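Chemist: Could you work out the structure for the sequence below:
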Amino acid sequence: MKSIPPRATLRFFPALLLLLLSLAGLRAQVNVVVGALPTVGISMGGSGAAMASQVLANDLRRTGMILPSTTGGQYVATGTADGGSVSGTLTDKHSGQTLFSQSFGGGRAGVHALADAITKAVTGLPGFASSKLAFVSGKELWYGNIDGYGCRPITHDGVICASPALSRDGSHLAYTSYKSGYPDVYVIDLASGSRNRIAYFPGINSGPAFSPGGDTLALTLSKDGNPEIYTIAVGGGEPTRITSTRGSETSPSWSPDGSQLVFCSDDHGSPQLYISTSGGIGQWDHLVTGNSYCTKPDWSSDGKLIAFTTRIDGVFQIGVYNLAYRTAKLVTSSGGENPAWTRDSRHLVYNNGHTLELLDVVTGKSLAIPAPGTEPTVSR
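Modeler: I've put the predicted structure just below:
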């Protein structure tokens with residue numbers, strides 16, 4: 001297959017200069033100066049006030065965009081937490097305007113939902129406190145909250161599992177397992193716990209990724225020879241072939257509108273990133289990152305960025321490709337792989353060794369998630 005050369009580098013010298021400057025920066029962390037953060041005063045009542053105040057403050061602080069306070073601020077969040085119900089009101093002290101007043105579910109889940117509502121009202125970006133997290137630990141899949149709370153194993157097979165992928169609404173989890181003795185793709189309904197084997201063709205069945213609507217998986221199959229990208233209904237059936245090369249294609253990730261896939265291919269030598277339509281075999285757009293080894297892409301929810309794993313001087317790092325400017329930069333400096341975007345398209349969860357990290361790609365600050373594992377995936 002012939003890749004499509006970057007349009008900007010063919011037509012405009014300024015864009016070429018910008019590209020070269022960005023590629024030069026691939027080997028250095030970019031530091032961004034951020035102005036004063038908005039402060040949200042927290043005042044919770046009810047029998048669960050202590051828990052709610054602590055969880056809410058941690059959720060807001062974790063965004064990297066809000067400072068929680070118990071002494072007031074530009075915004076004031078008041079509410080109650082009583083057993084099966086959490087309610088909250090957010091007021092802008094400067095304007096006197098009530099930004100929202102509503103009830104949420106109970107317990108920590110309700111507090112996470114309140115934190116997301118505050119984040120959206122204050123920053124304009126969706127919060128991710130209510131997102132779910134899955135990852136591999138030992139030979140099993142683990143599942144819980146993105147803050148690491150309540151993470152537990154949801155498989156007990158004692159065999160290798162890999163490449164977990166949560167559906168965007170967090171209701172299903174797809175992954176590769178050697179439960180049958182061969183690499184097959186399974187889907188777990190997280191509400192009922194039921195598990196179905198979806199792809200078990202001869203050869204490799206691996207790397208599933210849910211479409212935005214949750215009804216289709218993109219994955220790698222080798223049933224026709226080389227490992228290629230296919231799509232298949234979540235309930236199983238006949239797959240549709242997307243790529244056809246002499247190399248290997250792996251790690252598909254969907255664009256937010258479901259019209260394209262980004263994936264890794266070594267058809268031209270070392271593994272690189274390419275974009276193709278999700279409807280069938282076509283020409284590819286090669287994403288020039290300035291590095292000879294790029295894998296595990298993940299497309300952000302706003303459609304603007306693609307995170308990926310790269311290797312520099314023998315160390316895995318996380319890079320981010322900007323589709324508008326067709327440039328890439330490193331966002332880690334001390335190691336990392338398997339990036340997964342949160343729903344705000346600003347934060348990434350990744351693993352550095354067996355430590356899970358939450359990275360703010362704007363500030364470069366990273367927080368450890370207290371749930372050791374690899375290959376994280378996040379609901380959106």
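Chemist: Counting neighbours, which bits of stretch 41-50 end up buried?
Modeler: Within stretch 41-50, the residues that qualify as buried are 41-42, 44, 46, 48-49, counting by 16 or more other Cβ atoms under 10 Å. C-beta here means a position set from N, CA and C on the backbone, and glycine is covered the same way.
Chemist: What's the end-to-end length of it?
Modeler: 15 Å (Cα to Cα, to the nearest Å).
Chemist: I'd like the average pLDDT over the helix or strand hosting Met51.
Modeler: Using DSSP states H and E, Met51 maps to helix 49-62. Mean pLDDT, helix 49-62: 97.
Chemist: What is that helix packed up against?
Modeler: For helix 49-62, the contact count by 3 or more Cβ pairs under 8 Å, 6 or more residues apart in numbering; DSSP states H and E identifies strand 39-45, strand 67-69, strand 75-82, helix 107-123 as packing neighbours.
Chemist: Please identify the most buried of the ones you listed.
Modeler: helix 107-123 (a mean of 22; mean count of other Cβ atoms under 10 Å).
Chemist: could you point out which element follows it?
Modeler: strand 132-137.
Chemist: model confidence over that following strand, on average?
Modeler: For strand 132-137, mean pLDDT is 98.
Chemist: How about residues contacting it?
Modeler: 141-146, 148, 151, 153-154, 161-162, 164, 166, 170, 173, 349, 351, 354, 356, 369, 371-379 (Cβ atoms under 8 Å, 6 or more residues apart in numbering).
Chemist: Of the helices and strands packed on helix 49-62, which is nearest Ser255?
Modeler: helix 107-123 (23.0 Å; Cβ to Cβ).
Chemist: Now do that closest one: everything it contacts.
Modeler: Under Cβ under 8 Å, 6+ apart, the answer for helix 107-123 is 38, 40, 48, 51-52, 55-56, 59-60, 63, 65-66, 75, 77, 79, 81, 84-86, 88, 90, 99-100, 102, 104-105, 125-130, 145, 149, 344.
Chemist: which stretches of this structure have low pLDDT?
Modeler: 1-35, 281-282 (pLDDT under 70).
Chemist: how close does the residue of it most remote from its centre sit to Val76?
Modeler: Most distant from the centre of the chain: Gly96, at 36.3 Å, with distances by Cα atoms, centre = their mean. Distance, Gly96 to Val76, using Cβ to Cβ, to the nearest Å: 11 Å.
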